[in-house]
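1. With the sequence up front, the predicted model follows.
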Amino acid sequence: MKYAVIKKDDLNSWLRHLQKKARLYAPKKKEGHFIFRPIKDVNEITLKYIPTILPPKKYYYPQKEKLFRFKIKPFKTGKAIKAFEEYILFAVHTCDIAGIQCMDVVFRESPEDPNYLNRKDKMVIIGLECLEYCDKYASCTSMGNHEPRGGYDLMMVDLGEKFIIHINSEKGERLVRGLAYIKEANEKDMLNLEHVREAKKRVFKEEFNASLTKVYEAFDKHFASKIWQDVGKRCVACGNCTTVCPTCYCFDVLDEMELSLNEGIRFRIWNSCQMEDFAKVAGGEDFRKGRDSRQRHRYYRKFKYPMDKFNRFFCTGCGRCTRSCMSQISLVETVNSLLAEEGESR
Amino acid sequence: MIDREILLAKMKTSPYKPMKGKIIEARMLTDKEKFFRIELEGKINLSHEPGQFVMLSIFGFTEAPLSVCSSPTDRGYFDLTVRNVGVFTDRLHKLGKGDIVGVRGPFGKGFPVDNMFGYDILIVAGGLGIVPLRSLIRYIMYNKNDFGHMQILIGCRTPHELLFTEETKEWMKRSEIKINCTVDKADPDWHGNIGLITTLIPGVDINPARTYAVVVGPPVMYRFVIAELLKKNIPEHQIIVSLERRMRCGLGKCGHCQIEGIYVCQSGPVFNYSELRNFKGECHEKAA
């Protein structure tokens, strides 16, 4: 079975079935925004949502993650990694799946990161394809992430009365097999899927004014552009953009002591390259001084450096950085300004 | 993609967990710099390359990247020399013989000693730069017949700040090594050169095509020293530097040490000048 279908009326039965298999995380509404949460009551889940405040990265790359316990006297370190439970990320948009793929590449690179890989190993991803734009901030079409590009176990597409489910792994197949209400997709369903995808082409248009190849070239050429000063002048260095980014993974290390001051836990916590001291060394030299160079660094870590290293853009097009920016710095605008500069320089 | 089984096997150990190291010797070298000799559990060798660094752990104070200043040929222990500049180093300075620290590493790419075989060596050490360079100097002295002439230029602000003074005197006794020191500001007891380290370079006698220059010092020093070395016609790829950056993991993940797309902790800290000059703007050590 490669494609399956489920009637919308049966969705809650399936979700309850999934809950029995593993811990279930899904989007739900919170104060006008959306968030991923562990789900107790499947009625809480909302499938019509725009990107959640934080991407699901909080589950596979926690904001504060225990590395190990330690004792000072006598010197001792505890077992580093505890066994994690299986968990299901449900209704993940294709942009966030692209984010998980980026993280995979980073943490698989030698020396591998066991904490991430352990969590990833226990993850099941059930995607949900978007058929309309979330809002004006997304750039998923230009980034090529508005359609599924692998990286999931199951992918659901809304066909009106029912969902069609693309089965992309054995892990995924196990979750749809042997259930009376999940049937193999017939020809008509497949045709419907084609229609939906055709209709989608009329809705989703490239948000950047040029192709990604041109975007890369613009970044390659315009490191010294005035645009970075403009962005830097507006930036308030709050770090929102990096916190909400599904591909930002920089961290700091933190020791927390118990009252005895002899035992404690070493954690790693999310850090942001937008913070003033991020690249400062003990002697006082700051290698990325100024908000302009720190913002530029963030953009280059999405559009240039990971291309050179992994042949992969690290912008997923989810639009979170723009949505959460306190001074309306827009990713689409910045990239398009850079492209315009490229046009003028010719 | 790596095989899942291999990955799972690797996941059983954590690269974030430090080994146990015992301080077997500790003494102040100057008012601000302290020397530590550390023995790993089971007296195993650190097995580093000259120029590599370790992440030193003090539980409760996290970790800091520190250059190893002993040669891999010094077996059974390794040395660190640390200036007291912040919370972590202040705590480290309070530790002494018998105290325990955590050690991860060695990390990064060291000096390209194999490529340097048969070449003359010119070492330029500014201030604390002599610390990582001591690992190379000791390595070359141990394997002296693999290398040509070695000249060492040492510069610092005042005579009080000169590190490894006793050892330097021993080095001076060896006829195949030439050492020249200079200070920015002399005191009445100083009989050596006065002036910036760059003033020593025009006078050195070298065959540029046959010479590797290895430069380590504060960021501001590099561009001037490199400019002088280029004037001497030393090829760009034979000018070697070691860069200091903020580091939190040593594994090319935490993001702090990045220069543009490069993680200094993995691709560096040692670079040659032809690599350095390609950086566009985040490398203060690059000659303008």
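-> On my side now, so go ahead. What you are looking at is a predicted structure, and each value in this text was computed from that prediction instead of being measured.
2. Can you pull the phi and psi angles for residue 72?
-> No chain specified, so I'll use chain A. Backbone torsions of residue A:72, given as degrees, to the nearest 10, read phi -80, psi -50.
3. Equivalent analysis for residue A:267, please.
-> phi -120, psi 160.
4. For the nearest residue to it once chain neighbours are set aside, give me its contacts.
-> Nearest residue to residue A:267 in three dimensions, chain neighbours excluded: residue A:254, at 4.7 Å (Cβ to Cβ, 6 or more residues apart in numbering or on different chains). Heads up, the C-betas are built off the backbone N, CA and C, glycines and all. With contacts defined as Cβ atoms under 8 Å, 6 or more residues apart in numbering or on different chains, the neighbours of residue A:254 are A:64, A:266, A:267, A:268, A:269, B:62.
5. which SS class is residue A:254?
-> When classified by DSSP: H, G, I helix; E, B strand; the rest coil, residue A:254 comes out as strand.
6. With residue B:54 instead?
-> State at residue B:54, reduced to three classes by three-state DSSP: strand.
7. So it sits against residue B:69, correct?
-> No - assessed by Cβ atoms under 8 Å, residue B:54 is found out of contact with residue B:69, at 10.8 Å.
8. what's the overlap in contacts for the two?
-> Listed as contacting both residue B:54 and residue B:69 by Cβ under 8 Å, 6+ apart are residue B:80.
9. any idea how far chain A is from residue B:247?
-> According to Cβ to the nearest Cβ, to the nearest Å, residue B:247 and chain A sit 9 Å apart.
10. My read is that that residue contacts residue B:268, right?
-> No - with contact defined as Cβ under 8 Å, residue B:247 does not count as touching residue B:268 (10.2 Å).
11. Need the overlap of contacts for these two.
-> Contact criterion Cβ under 8 Å, 6+ apart; residues shared by residue B:247 and residue B:268: residue B:257.
12. Tally up the residues packed near residue A:330, please.
-> 18 (other Cβ atoms under 10 Å in any protein chain shown).
13. I meant residue A:319, not that one.
-> As a burial measure, residue A:319 scores 25 neighbours (other Cβ under 10 Å).
14. For it, which non-adjacent residue is spatially closest?
-> Sequence neighbours aside, residue A:137 is the residue nearest to residue A:319 in space, at 3.3 Å (criterion: Cβ to Cβ, 6+ apart).
15. Okay, and the one you found sits in which element?
-> For residue A:137, there is no enclosing helix or strand under DSSP states H and E.
16. Any figure for the gap between it and residue A:333?
-> For residue A:137, the distance to residue A:333 (Cβ to Cβ, to the nearest Å) stands at 10 Å.
17. Just give the closest residue to residue A:128, not the sequence neighbours.
-> residue A:91 (4.1 Å).
18. what's the one residue sitting closest to the centre of chain B sitting at in phi/psi?
-> The centroid of chain B falls nearest to residue B:132 when counting by Cα atoms, centre = their mean (1.8 Å). Main-chain torsions, residue B:132, degrees, to the nearest 10: phi -60, psi -30.
19. Which residues are in contact with it?
-> Shown in contact with residue B:132 (Cβ under 8 Å, 6+ apart): B:50, B:51, B:53, B:67, B:68, B:69, B:216, B:242, B:269.
20. buried subset of those?
-> The neighbour count (16 or more other Cβ atoms under 10 Å in any protein chain shown) marks B:50, B:51, B:53, B:67, B:68, B:69, B:216, B:242, B:269 as buried among the contacts of residue B:132.
21. Filter the residues you listed down to the ones in strands?
-> Among those, the members found in strands (DSSP state E) are B:53, B:67, B:216, B:242.
22. ok, so what distance separates the last one from chain A?
-> Think residue B:242. From residue B:242 to chain A the distance is 13 Å (Cβ to the nearest Cβ).
23. Touching, that residue and residue B:276? I think so.
-> No - using Cβ under 8 Å, residue B:242 is not in contact with residue B:276; the gap is 10.9 Å.
24. contacting residues for the residue nearest to residue A:319?
-> Residues counted as contacts of residue A:137 (Cβ under 8 Å, 6+ apart) are A:319, A:320, A:322, A:323, A:330, A:331, A:332.
25. Name the nearest of these relative to chain B.
-> Ranked by distance to chain B (Cβ to the nearest Cβ), the contacts of residue A:137 are led by residue A:320 at 18.4 Å.
26. who are the neighbours in contact with the closest residue to the closest one other than its chain neighbours?
-> Leaving aside its chain neighbours, residue A:320 sits nearest to residue A:244 (4.0 Å; criterion: Cβ to Cβ, 6+ apart). Taking Cβ under 8 Å, 6+ apart, we find residue A:244 in contact with A:53, A:54, A:55, A:320, A:321, A:323, A:324.
27. ok, the fifth one - contacts?
-> What that stands for is residue A:321. If you count contacts by Cβ under 8 Å, 6+ apart, then residue A:321 has A:240, A:241, A:242, A:244, A:245, A:329, A:331 around it.
28. All set, thanks.
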